[in-house]
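structure, please.
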Amino acid sequence: MTTLFEGRTLFISKNQEINDSEFSNLVKLNESSYGNKFVEFDSIPNAKAEYDRLTADNIKCNYSNYYLFVRFSLEKNQNKDEFVNRISTELTSKFDNLNILNINLYEKDNKMLGFGQIVLDRLDDIKQVLSDNKINLSDDNTVSFYKFNRS
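Predicted structure coming up:
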């Protein structure tokens, strides 16, 4: 099962009796063609407060996470934690209001493999990153981002 991270967007299953006007700190509300709702809040603590309120009322909901596949070049003796921090810093400085929930760079035998995943908490963020899907960390190290297709 996929780990869900607390973020600013909640997914509310269709056919749930909710009053949209009761949401505080609401930024955006979208409804899918299937009747599911995606509710974006201004902060993670406010989304968590609404999540707690909805689940206490037996409303079927969860956090909505958006995944990016990441590819990068490996540099010799590259420290994983420092590299994750560089990616995070570059992304958040390039894209306004971007909130990274998790960066997982895959490893084998304690060595990075050159790819991984990033978890974001807003659909607008993933669209923005995919529209300009590269960051340069150095002359010979470009990090590329792609839509993560889970089977």
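
show me how the protein divides into domains.
9-63, 66-147 (automatic domain parsing).

could these go into CSV alongside mean pLDDT and mean neighbour count?
Using the backbone N, CA and C atoms, a C-beta is placed for each residue, glycine as well. As requested, the domains of the chain are arranged in CSV below (pLDDT from 0 to 100; neighbours: other Cβ atoms under 10 Å):
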stretch, mean pLDDT, mean neighbour count
domain 9-63, 92, 14
domain 66-147, 90, 15
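
tell me which of these sits nearest to Thr3.
domain 66-147 (8.0 Å; Cβ to Cβ).

endpoints of the closest one, how far apart?
End-to-end span of domain 66-147 (Cα to Cα, to the nearest Å): 9 Å.

for this structure, what spans make up the helices?
Here the chain has its helices, by DSSP state H, at 44-56, 80-94, 123-131.

re the thing from before, pipe the domains of the chain into JSON lines and attach distance to Thr3 per row.
Listed next are the domains of the chain as JSON lines, based on distance: least, Cβ to Cβ, whole Å:
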{"stretch": "domain 9-63", "distance to Thr3": "10"}
{"stretch": "domain 66-147", "distance to Thr3": "8"}
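
just the residues contacting stretch 84-104, thanks.
Stretch 84-104 is contacted from outside by 3, 5-8, 44, 65, 70, 72, 105, 116-122, 125, 128-129, 132, 135, 137, 143, using Cβ atoms under 8 Å, 6 or more residues apart in numbering.

using TSV, lay out the helices of the chain together with distance to Glu22.
Shown next, in TSV, are the helices of the chain (distance: least, Cβ to Cβ, whole Å):
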stretch	distance to Glu22
helix 44-56	8
helix 80-94	32
helix 123-131	22
